[in-house]
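Enquirer: Using only what follows, build the 3D model:
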Amino acid sequence: MTGETPFLTRTGGCHCGAVRFEVDLAPGSSAQSCNCSICAMTGFIHLIVPESRFRLLTDEAAMTSYSFNTGLARHLFCKTCGIKSFYRPRSNPDGWSVSARCLDTTDGLDLRFEDFDGQNWEAHAHGLAHLSQDQ
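Expert: Below is the predicted model:
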């Protein structure tokens, strides 16, 4: 079909390899650098995608979860190495946020890095809602 975005499939995962995923990204994807407490401490760079463009390749039993504040975000960490390579964000509960730092390669992707003011999340979260919509 004409006009469809040509998605590029990329794989990624945690440091030890126990957690692996696949994600379909637009070549010109936007990536958010958030200054909230957890993102600033972990260096997480968000690539938010719809549910349909994310696939977990390993058993979820390899992960443990953590929630804080409202409890709506589901932060998933490898039980072995502790890396959070993706999670279910509060801003986009119908999608996934993948860490750009956990992709095996970014070759072919023209990532547009944007600052996101997560310290004032309530005032800015609506600006992320469109990222988990199928495009």
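Enquirer: how about stretch 52-65: buried residues?
Expert: Buried residues in stretch 52-65, defined by neighbour count with 16 or more other CB atoms under 10 Å: R53, F54, L56, A62, M63. To be clear about C-beta, it is placed using only N, CA and C from the backbone, and glycine gets the same treatment.
Enquirer: nearest to G118, of those?
Expert: F54 (21.0 Å; CB to CB).
Enquirer: What confidence value was assigned to the closest one?
Expert: What the model reports for F54 is a pLDDT of 97.
Enquirer: which non-adjacent residue is nearest it?
Expert: W96 (4.3 Å; CB to CB, 6 or more residues apart in numbering).
Enquirer: what's that neighbour sitting at in phi/psi?
Expert: The phi and psi values for W96, taken as degrees, to the nearest 10, are phi -130, psi 150.
Enquirer: Now do the same contact list for it.
Expert: Going by CB atoms under 8 Å, 6 or more residues apart in numbering, W96 touches V23, I48, V49, E51, F54, F86, Y87, R88, P89, S132.
Enquirer: Apply 7 Å and report the result again.
Expert: Residues in contact with W96, defined by CB atoms under 7 Å, 6 or more residues apart in numbering, are V49, E51, F54, F86, R88.
Enquirer: Pull out the buried residues from those.
Expert: V49, F54, F86, R88.
Enquirer: Give me the subset of these that lies in strands.
Expert: Judged by DSSP state E, those include V49, F54, F86, R88 as members of strands.
Enquirer: and the spatially closest residue to the last one that is not a sequence neighbour, how many neighbours?
Expert: In this structure, R88 finds its nearest non-sequential neighbour in R74, 4.0 Å apart by CB to CB, 6+ apart. Around R74 there are 15 other residues, counting by other CB atoms under 10 Å.
Enquirer: Was I right to think R74 contacts S65?
Expert: Yes. Between R74 and S65 a contact is recorded at 5.4 Å, counting by CB atoms under 7 Å.
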